[in-house]
Each structure stands twice: as C-alpha cells, then as structure tokens.
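Asks: after the sequence you'll find the predicted model.
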Amino acid sequence: MPSPGVHERLARTLVTWFESRDRDVPGRSESDPYRIWIAEVMAQQTRIATVRERYTEFLGRFPDVHALAEAELDAVLKAWEGMGYYARARNLHRAARVLVEEHEGLLPDDPAALRSLPGIGPYTAGAIASIAFDRAEPAVDGNVRRVLSRLFDLERPSAAALESESRRLLATDGVRPGTLNQALMDFGGSVCTPRRPDCDACPLAADCLAFKHDTQASRPGRSKSVALPHHPIAVAVLRKEGRVLIGKRPEHGLLGGLWEFPGGKIEAGEAPRQAAARELQEEMCIEATIGRSIAVIPHAFSHFRITLHAFEAAWVSGEPCGRAVTEWRWVRPEELSAYAFPAANRDILAGISGASDRP
DNA sequence: AACTCGGGGTC
DNA sequence: GACCCAGAGTT
C-alpha cells in the first residue's frame, strides 16, 4: 500500500485534531439546513462570541424559513440591530421569500443553486453544501485562506488556487466534507492564527511549507492599509409635545433601512450646533432651537470614521418633509427601543430615554 | 480587480 | 491605534 499523499495526510490529521476538540460554535451541532444557513450568514465577518449571543435569539423569533419569509423587513432588521452589514439581513429576508415561492421552502443542496440566492456567495454556498448536505465543496473563508496559504506557502493565492487545494484535501476517502471544512476554519481560528501562530504545537508543521521556509508570518501577504477619512456629524434629538423625530434611511446603501435622528455632515468652518440647525432645515424643513449637547461619539466604520455630535433640539416651526429619508415619525422616547438604530446611536438613545421635551 | 458595506475583539 | 475577522454585491 503506497504512503498517503500530503493532502490526504493533512486532511486526516486535521479531522483527528478537530474531533478531539469540543468548541461551542453556532450551527455546528445542527442538522437543519435553515439553521446552518442562518449561522453561516450571521458568522460572515463577525466574531463567534457575537454570533453565539444573537443566533439563538434570531432562531427563536424566526424558527423556520416560513416565519422569516412572512416577517416584515423591519422586524428582521431589528433582530439584526448592532451586528452590522445590514445587507445580510435584507438578503436573508429576500432569499427566504424566494425559497418559499420557488423551492417549496427548502434550501437546495447544489452549490450553484445556493449561490443564486441573495446573500449566498462562494463561501456560504460551500459551507451549506458541505455541512448540511455532505457534499465535497470548498468553503474558503478568511481562516481557511490563511491556513492553505501557509500549508502550501502561497503569497497571494487566487480563489481558484485555494479552491484547487481545498478539493484535493476533500478528495480524501472517509473524511466528511463538512467536518474537514469546519476543521480548517477552527484550526485557523485557534492554532494557525493571523499573528503568532502556534507552530510549536501544530500537528501539521511537518507538512507545512511556510513553516519549512519560515515564511508563515507573511502568508498570506497583506494589502497595504490606507488612512481612513474622518467626517464630523451633527444630529438633533428634536422634541415636540413629548415626542422625538426619527427618520428611516433609504433601503439600499449604508445602514439601509435603519432609523436615525435627523442630521448630517458638519461643513468646513461650521459649528456643530449650526450644522444641526441647518440639517433640520434642509432635510426636515423644520426650524428649531438647538440646546445642550447629549453626547460626542467617535465611531469607526470599515472605510471611514465619524464623530457624532448629538444635541437636544426644541421644535419652533415647520412640519417634517423628510428629504433624506424614506419615512419619518414622531415617537415617544419609550417607544424608541422598537426601532432598529445603527450602533453609533446607542449612546444617544441611552442619554435621552425619559428626558423632558425641553432642551 | 477595486470598491462598498458595520461592528467589535485583540494586540 | 491597526488589524482583521466563519464575505457578498456591484461596477
């Protein structure tokens, strides 16, 4: 009997390593494709610890694809509040309706059919196909990309190269695809980490080309970082007869479909209070008296930073026209918790509940 | 291939 | 502070 090839040896060692661990990862012990789908989408670009807290809550509210399809988008966004990348929630909702209308409420097992659904790309399609349906399909996320880049010493691997290496690992007899894919991800998250990988304790070190060449610290290569632009923002908590004014952002684009307090960018040379008054005039057609500062909130997005200056404001004249929003509403402070807000608004919400309507 | 799209843990 | 994460959609 010939000695096993390096891919087969790697695959068997990974699965053995994985099965000796007991890590509580959402979706791992699931068999329902719907629940696996939710777990994988929720895990995109998001820490496991964050997902763990929200996963059970989300499934409690939307226990199956029919419940998700029948829900209002606002309810799905509210369940997604604070997790970011809100297009994921919008796409989940759209995909659920496609599944109910065109697939009898069932997720397909074919990667191409999965990829045709909103919000399911190469990674999630492979993850669902392999974990839920036991198909030998690659699921290359950031962790797997790093592990493969190091095992085969690839500086800037193409998606095709990573898929090719993955398929050779998956070709190992007797290794379940979903188990191997999860082993690769878990391995990248615990042993083969971005910084300071634990090569001393690595069961794959003997076959790792980057370890052999001592290039693991620069595999995969990093793209150069760019300085993030910064935008000062002024927002107004506008009071009138015990209620505050909120607006709903357009459904597409940044923070799409979420609610916010009216406001906008502070122009060069403009004072924050001036900007708050101007934005109320321009975007809401309302004259107001700007009052005390509620909070100054620094916040970082993926591609820029903001500093949010929030002010109390008292209505003087005018009715909302909602030029920058698709909808607006006067809401009692205690009702604000029913609306999905961006994370940067949390400090504002905390500072105004139960406050008077006088700035 | 480059750009957009959040938030948070970690070092 | 910088990095980077169980990525996908758009152009």
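Replies: Okay, I see it.
Asks: spell out which parts of chain A neighbour DNA strand B.
Replies: A:45-47, A:49-50, A:82-87, A:158, A:195-196, A:253-256, A:299-303, A:342-344 (Cβ under 7 Å from any atom of the strand). C-beta here means a position set from N, CA and C on the backbone, and glycine is covered the same way.
Asks: in helices, which of those residues appear?
Replies: If you go by DSSP state H, those have A:49-50, A:87 in helices.
Asks: can you flag which of the residues of chain A next to DNA strand B belong to strands?
Replies: A:299-300 (DSSP state E).
Asks: contacts with DNA strand C among the residues of chain A next to DNA strand B, please.
Replies: Contacts with DNA strand C within these, counted by Cβ under 7 Å from any atom of the strand: A:45-47, A:85, A:87, A:195, A:300, A:302.
Asks: circling back: tell me the buried residues within the residues of chain A next to DNA strand B.
Replies: Among the residues of chain A next to DNA strand B, those classed as buried by neighbour count (16 or more other Cβ atoms under 10 Å) are A:83-84, A:86-87, A:255-256, A:299, A:342, A:344.
Asks: show me which pair in these is furthest apart.
Replies: Across these, the longest distance by Cβ to Cβ is 18.9 Å; it joins A:87 and A:299.
Asks: what segments of the stretch 151-300 of chain A are helices?
Replies: In the stretch 151-300 of chain A, the segments counted as helices under DSSP state H, counting those that start in this stretch are A:159-170, A:177-190, A:209-213, A:272-284.
Asks: most tightly surrounded among those?
Replies: helix A:177-190 (a mean of 22; mean count of other Cβ atoms under 10 Å).
Asks: and that helix with helix A:159-170, angle?
Replies: Using axes from the mean of the first three to the mean of the last three Cα atoms, to 10 degrees, the inter-axis angle of helix A:177-190 relative to helix A:159-170 is 120 degrees.
Asks: then helix A:177-190 to PDB, C-alphas only?
Replies: Taking Å, rounded to 0.1, in the frame of the first residue of the first chain, the C-alpha atoms of helix A:177-190 are listed here in PDB:
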ATOM      1  CA  PRO A 177     -16.600  17.300   3.800                       C
ATOM      2  CA  GLY A 178     -18.400  19.300   6.400                       C
ATOM      3  CA  THR A 179     -16.100  18.100   9.100                       C
ATOM      4  CA  LEU A 180     -13.000  18.900   7.100                       C
ATOM      5  CA  ASN A 181     -14.200  22.400   6.300                       C
ATOM      6  CA  GLN A 182     -15.100  23.100   9.900                       C
ATOM      7  CA  ALA A 183     -11.700  21.700  11.000                       C
ATOM      8  CA  LEU A 184      -9.900  24.000   8.600                       C
ATOM      9  CA  MET A 185     -11.800  27.100   9.900                       C
ATOM     10  CA  ASP A 186     -11.400  26.100  13.600                       C
ATOM     11  CA  PHE A 187      -7.700  25.400  13.000                       C
ATOM     12  CA  GLY A 188      -7.200  28.800  11.500                       C
ATOM     13  CA  GLY A 189      -9.000  30.400  14.400                       C
ATOM     14  CA  SER A 190      -7.000  28.700  17.200                       C
END
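Asks: how far off centre is it?
Replies: Averaging C-alpha positions (Cα atoms, centre = their mean, to the nearest Å) puts helix A:177-190 20 Å from its chain's average.
Asks: beta partners of residue A:230?
Replies: Counting by DSSP bridges, residue A:230 forms beta bridges with residue A:305.
Asks: that one: what's it in contact with?
Replies: Residue A:230 makes contacts with A:304-307, as judged by Cβ atoms under 8 Å, 6 or more residues apart in numbering.
Asks: nothing else from me, thank you.
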